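Enquirer: Sequence first, then the predicted structure, then my questions.
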Number of protein chains: 2
Amino acid sequence: MMNYIIGVDAGGTKTEAIAYSLEDQELGIGLSGYGNLYMNYDKATEHIIQAIEQCRINACGQGAEECLGIYLGIAGIEVQDYAAKIDALLTNQYHCRVCGLHDSVLAHAAILGGEDGIVTLSGTGSVAFGLYKGKHATTGGWGHVLGDEGSGYHIALQAFKRMTLEEDLGLQRSRLSQTLFKNLHLDKVNDLKGFVHSADKGKIAAYAAMVAELAEASDEVSMEILKQAGKDLALMTQRLYPKLGIHEPVPVGVSGSILEQIHIVRHEFKHCLEREVGLTDLIINQVSVTKGACYLHKKETRCE
Amino acid sequence: MMNYIIGVDAGGTKTEAIAYSLEDQELGIGLSGYGNLYMNYDKATEHIIQAIEQCRINACGQGAEECLGIYLGIAGIEVQDYAAKIDALLTNQYHCRVCGLHDSVLAHAAILGGEDGIVTLSGTGSVAFGLYKGKHATTGGWGHVLGDEGSGYHIALQAFKRMTLEEDLGLQRSRLSQTLFKNLHLDKVNDLKGFVHSADKGKIAAYAAMVAELAEASDEVSMEILKQAGKDLALMTQRLYPKLGIHEPVPVGVSGSILEQIHIVRHEFKHCLEREVGLTDLIINQVSVTKGACYLHKKETRCE
């Protein structure tokens, strides 16, 4: 009889569920729409269940039999009583161990293999999560209205704000502004207001890639924005050290498109942490976040 | 035969229309819901027409006969082709002179009586508008996503961000945070995310009044936030001087609840402008913005 577990990564754009054998072999995958509970609780939970269902069907085709546990990393689960609601909903449906966690917790397990250390995520949003000698803590992750400094959304917004600053100061349009105007198909800066108020968070965050492209082509305004994002993410990370009582170098891992793919952001991030907290080891481990389920399951069964 | 004109102030929370005789006497008023075109173009224009209709009925009751012109100050009119659409819609309906302007332009006319100078508005949002020797220019007014520094929304957000900072730094809750937690009926900082993502702009901006109350009671964190708002509004205003080629002291007027009612913000604003641009005269003239219609109509007829 082949037992298995499922890891679910429910984020702002998609939900991914992967079934793993107890030997960490992938047995099946399920994909669906966004699973961020902020965005719309009912839709998000529908997407999460869709992804799990599809993954179960695929896993059964590979000989999987009994599901021992579902480990979910869900954006927005920390709000209201969502954690309890998700737990009740899924336990009722699947009659197995259900463990609903903040997305950063599952990512942390996946990247650091369940070991102590810190993982800093920057995709559309940003957050840092750390585990140290039995304690855990989070910094950042306040969402795009309250913060999410260093995130894709924040980077894109800095670029858009630069366009308004040039207008207020009566400056010539910078290379960055020119590129954004062209790409947004806008003539006037005023039309930018219409865009930012109608576009969703993910659509705005996508413009971070354009800032990265220009920075690669040595555009100074873009480089400055990305360096600041790296600094912001380092500061968020650094704040975990006193919160967790860390006084020695610990592994720091990164996750999400901004820290994984934008060299300038990661370089500045690493540089600040080397200087401020004596970072020695930055881990870039582009594993699926769902893999965290394997480590969490092992930790739990080891305790029993 | 008594001719009259109408002034309309269409903002983020309400729309006010007032009919004036050519001798600037109020003849009737109309009130309805928000007129900010960003929020919902169809609803906003419906509210604007409702307010005008009600105001016309009331004015007719006072003996008003022919409407010579409607002067509207409308939040969000600068976006897309809204100005032309509003113009066509109302001209078609009322067959008189229709003049759709940004809300800051009508406020400027009302506060400075149609004369040269600068008016800085800070209510839910913020913007500065100046008129000097035939030139005009705007700074700020980018909306709550791109900026609106020094506005009620921005002040409230700084207070909320303070709550997240205290959490990230593991600090004790400040007096400001404690008051906000109590008033928002929240226990955890995480629940703040749910609030800011579900509340509308106006509901968030309303918390600026609480920051002002605490500052009055000498709370330092609140005072700092308000001083920064005053500085931000002064910087926005100051940027109009080079844009308009102003090299002498000009009258500066203020409008909106934040600059009219919060002493600390206005004091810091005034202080910065005295130092930076030699401000001599700050005008606080709590007249209805609709009154701007009287001055604009006189300017126009004088030109004919």
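Expert: Everything's here; your move.
Enquirer: quick one: is whichever strand or helix holds residue A:91 near chain B?
Expert: Secondary structure assignment for residue A:91, by DSSP states H and E: helix A:82-94. No. Helix A:82-94 lies apart from chain B when judged by CB under 8 Å from any CB of the partner chain; the minimum separation is 9.1 Å. Placement of C-beta: from N, CA and C, glycine included.
Enquirer: can you list contacts of that helix?
Expert: Contact partners of helix A:82-94, identified using CB atoms under 8 Å, 6 or more residues apart in numbering or on different chains, comprise A:37, A:41, A:45, A:48-49, A:52, A:67, A:70, A:72, A:74, A:76-77, A:98, A:100.
Enquirer: let's see 10 Å
Expert: With contact meaning CB atoms under 10 Å, 6 or more residues apart in numbering or on different chains, helix A:82-94 is reached by A:6, A:8, A:10, A:37-38, A:41, A:44-45, A:48-49, A:52-53, A:56, A:67, A:69-70, A:72, A:74, A:76-77, A:81, A:96-102, B:194.
Enquirer: List the strands paired with the helix or strand following it, with their directions.
Expert: As assigned by DSSP H and E, the chain's next helix or strand after helix A:82-94 is strand A:97-102. Strand pairing for strand A:97-102, using DSSP bridges, gives strand A:67-74 (parallel).
Enquirer: For the partner strand, output the C-alpha coordinates as CSV.
Expert: Output in CSV follows, covering the C-alpha atoms of strand A:67-74 (Å, rounded to 0.1, in the frame of the first residue of the first chain):
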residue,chain,number,x,y,z
CYS,A,67,-3.3,10.3,1.8
LEU,A,68,-1.7,10.8,5.3
GLY,A,69,-1.6,14.6,5.3
ILE,A,70,-2.2,17.8,3.4
TYR,A,71,0.2,20.6,4.2
LEU,A,72,-0.9,24.0,2.7
GLY,A,73,1.0,27.2,2.5
ILE,A,74,-1.7,29.8,1.9
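Enquirer: Could you report the pLDDT at residue A:203?
Expert: At residue A:203, the model reports a pLDDT of 89.
Enquirer: for chain B, what are the nearby residues on the stretch 1-150 of chain A?
Expert: Within reach of chain B by CB under 10 Å from any CB of the partner chain, the stretch 1-150 of chain A has these residues: A:37-39, A:76-82, A:102, A:128, A:137-147.
Enquirer: Weed out the non-buried ones from the residues you listed.
Expert: With neighbours counted by 16 or more other CB atoms under 10 Å in any protein chain shown, these contain buried members at A:37-39, A:76-80, A:82, A:102, A:128, A:137-147.
Enquirer: surely residue A:160 meets residue A:196?
Expert: Yes. Counting by CB atoms under 10 Å, residue A:160 touches residue A:196, with 6.3 Å between them.
Enquirer: Have a look at these two and say which one is more surrounded.
Expert: Higher neighbour count among residue A:160 and residue A:196: residue A:160, with 24 against 19, using other CB atoms under 10 Å in any protein chain shown.
Enquirer: Spit out the contact partners of the more buried one.
Expert: Residue A:160 is in contact with A:176-177, A:180, A:184, A:189, A:192-193, A:195-196, A:204, A:207, B:142, B:145-147, counting by CB under 10 Å, 6+ apart.
Enquirer: Sticking with it, tell me its helix or strand.
Expert: Residue A:160 belongs to helix A:152-169 when assigned by DSSP H and E.
Enquirer: Could you pull out the buried residues of the helix or strand just after that helix?
Expert: With elements assigned by DSSP H and E, the helix or strand that comes after helix A:152-169 is helix A:175-184. By neighbour count on 16+ other CB under 10 Å, the buried set for helix A:175-184 is A:176, A:177, A:179, A:180, A:181, A:184.
Enquirer: Just put those residues in TSV and tack on pLDDT and distance to chain B.
Expert: TSV is the format used below for those (pLDDT from 0 to 100; distance: CB to the nearest CB, whole Å):
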residue	pLDDT	distance to chain B
A:176	96	15
A:177	96	13
A:179	96	18
A:180	96	13
A:181	95	15
A:184	93	13
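Enquirer: Could you confirm residue A:127 falls within a strand?
Expert: Yes. Per DSSP: H, G, I helix; E, B strand; the rest coil, residue A:127 lies within a strand segment.
Enquirer: and the closest residue to residue A:115 other than its chain neighbours, what does it touch?
Expert: Once flanking residues are discounted, residue A:115 sits nearest to residue A:251: 7.1 Å by CB to CB, 6 or more residues apart in numbering or on different chains. Going by CB under 10 Å, 6+ apart, residue A:251 touches A:111-113, A:115-119, A:279-283.
Enquirer: and of these, the nearest to chain B?
Expert: residue A:118 (13.6 Å; CB to the nearest CB).
Enquirer: just checking, the closest one touches residue A:240?
Expert: Yes. Under the criterion of CB under 10 Å, residue A:118 makes contact with residue A:240 at 5.5 Å.
Enquirer: Apart from its chain neighbours, what residue comes closest to the spatially most distant residue from the centre of chain A?
Expert: For chain A, the largest distance from the centre (CA atoms, centre = their mean) belongs to residue A:170, which lies 37.4 Å off. Leaving out its chain neighbours, the residue that sits closest to residue A:170 by CB to CB, 6+ apart is residue B:243, at 5.1 Å.
Enquirer: Quick check: buried residues in the host helix or strand of the one you found?
Expert: Secondary structure assigned from DSSP H and E places residue B:243 in helix B:240-244. Under the neighbour-count criterion of 16+ other CB under 10 Å, helix B:240-244 has B:240, B:241, B:243, B:244 buried.
Enquirer: With stretch A:248-260 instead?
Expert: For stretch A:248-260, the neighbour count (16+ other CB under 10 Å) marks A:250, A:251, A:252, A:253, A:254, A:255, A:256, A:257, A:258, A:259, A:260 as buried.
Enquirer: again, but for stretch A:34-43
Expert: A:34, A:35, A:36, A:37, A:38, A:39, A:41.
Enquirer: still on that earlier bit, for the buried residues of stretch A:248-260, name the two members farthest from one another.
Expert: A:250 and A:257 (24.0 Å; CB to CB).
Enquirer: what are the ranges of the strands in the stretch 201-304 of chain A?
Expert: Taking DSSP state E, counting those that start in this stretch, the strands of the stretch 201-304 of chain A run over residues A:252-255, A:282-284.
Enquirer: I'd like these as TSV, with mean pLDDT and distance to chain B appended.
Expert: Shown next, in TSV, are these (pLDDT from 0 to 100; distance: least, CB to the nearest CB, whole Å):
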stretch	mean pLDDT	distance to chain B
strand A:252-255	96	17
strand A:282-284	93	21
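Enquirer: Tell me the secondary structure at the closest residue to residue A:298 other than its chain neighbours.
Expert: Spatial nearest neighbour of residue A:298, chain neighbours left out: residue A:114 (6.9 Å); criterion: CB to CB, 6+ apart. Using three-state DSSP, the structure places residue A:114 in coil.
Enquirer: Pretty sure residue A:107 sits against residue A:287.
Expert: Yes. Between residue A:107 and residue A:287 there is a contact under CB under 10 Å: 9.4 Å.
Enquirer: In terms of packing, which of those two has more residues around it?
Expert: residue A:107 (30 against 13).
Enquirer: how about the more buried one, secondary structure?
Expert: Assignment for residue A:107 (three-state DSSP): helix.
Enquirer: what's near enough to touch it?
Expert: By CB under 10 Å, 6+ apart, residue A:107 lies in contact with A:9, A:11, A:73, A:101, A:119-121, A:123, A:127, A:129, A:253-256, A:287-292.
Enquirer: at 7 Å what do you get?
Expert: A:73, A:119, A:121, A:255, A:289, A:292 (CB atoms under 7 Å, 6 or more residues apart in numbering or on different chains).
Enquirer: now swap in residue A:186 and tell me
Expert: Counting by CB under 7 Å, 6+ apart, residue A:186 touches A:192, A:195.
Enquirer: The lengthiest helix in chain A: which residues count as buried?
Expert: When chain A is parsed with DSSP state H, its longest helix is helix A:41-61. Buried residues in helix A:41-61, counted by 16+ other CB under 10 Å: A:41, A:44-45, A:47-52, A:54-56, A:58-60.
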